[in-house]
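Asker: need a structure here:
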Amino acid sequence: MAADVVGKLGRVTAAITPGHLGEVLIEVRQGSERFLARSSDATLSIPKHAQVIVVGSLGARTVEVEPTDSLRLP
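Answerer: A predicted model of the protein is given here:
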């Protein structure tokens with residue numbers, strides 16, 4: 001399931017802090033679903049309400065995310 005959301009945008013609903021999981025809300029099919037999330041940068045905190053992009057799947061309901069303001073286009 002989590003692999004299906006890689007590349008999608010989401011919104012942080014519980015802050016993501018170093019060493020701890022947070023939570024993100026991601027649009028899936030006809031609705032939205034909550035996933036546990038950690039930052040792809042282990043030293044980065046991502047505050048509640050920040051927009052993120054899913055960059056990896058860590059299991060059935062856990063994803064790895066990056067804030068969209070840190071994206072670098074080639």
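
Asker: quick one, strands of this structure?
Answerer: If DSSP state E is used as the criterion, the strands of the chain fall at 9-14, 22-28, 31-39, 51-59, 62-67.

Asker: outside of the last one, which residues touch it?
Answerer: In other words, strand 62-67. Among residues not part of strand 62-67, those counted as contacts by C-beta atoms under 8 Å, 6 or more residues apart in numbering are 2, 5-6, 10, 12, 16, 21, 24, 26, 35-41, 44, 46, 50-58. Heads up, the C-betas are built off the backbone N, CA and C, glycines and all.

Asker: before we move on, back to that, winner for burial among the strands of the chain?
Answerer: Burial of the strands of the chain is given as mean neighbour count (mean count of other C-beta atoms under 10 Å); strand 62-67 ranks first at a mean of 20.

Asker: what mean pLDDT does stretch 46-55 have?
Answerer: Stretch 46-55 shows an average pLDDT of 95 in the prediction.

Asker: Show the end-to-end separation of it, please.
Answerer: Taking C-alpha to C-alpha, to the nearest Å as the measure, stretch 46-55 stretches 15 Å from start to finish.

Asker: Equivalent analysis for stretch 26-42, please.
Answerer: Stretch 26-42 has an end-to-end distance of 21 Å (criterion: C-alpha to C-alpha).

Asker: try stretch 51-66
Answerer: Between where stretch 51-66 begins and where it ends, there is a gap of 9 Å, by C-alpha to C-alpha.

Asker: same question, stretch 21-39
Answerer: The first and last residues of stretch 21-39 sit 8 Å apart, counting by C-alpha to C-alpha.

Asker: centre of the chain versus it, how much separation?
Answerer: Averaging C-alpha coordinates over stretch 21-39 and over its chain gives two centres that are 7 Å apart (C-alpha atoms, centre = their mean, to the nearest Å).

Asker: residues in contact with it?
Answerer: Outside stretch 21-39, the residues that reach it (C-beta under 8 Å, 6+ apart) are 2, 4-5, 8-16, 18, 20, 45-46, 52, 54, 58, 61-66.
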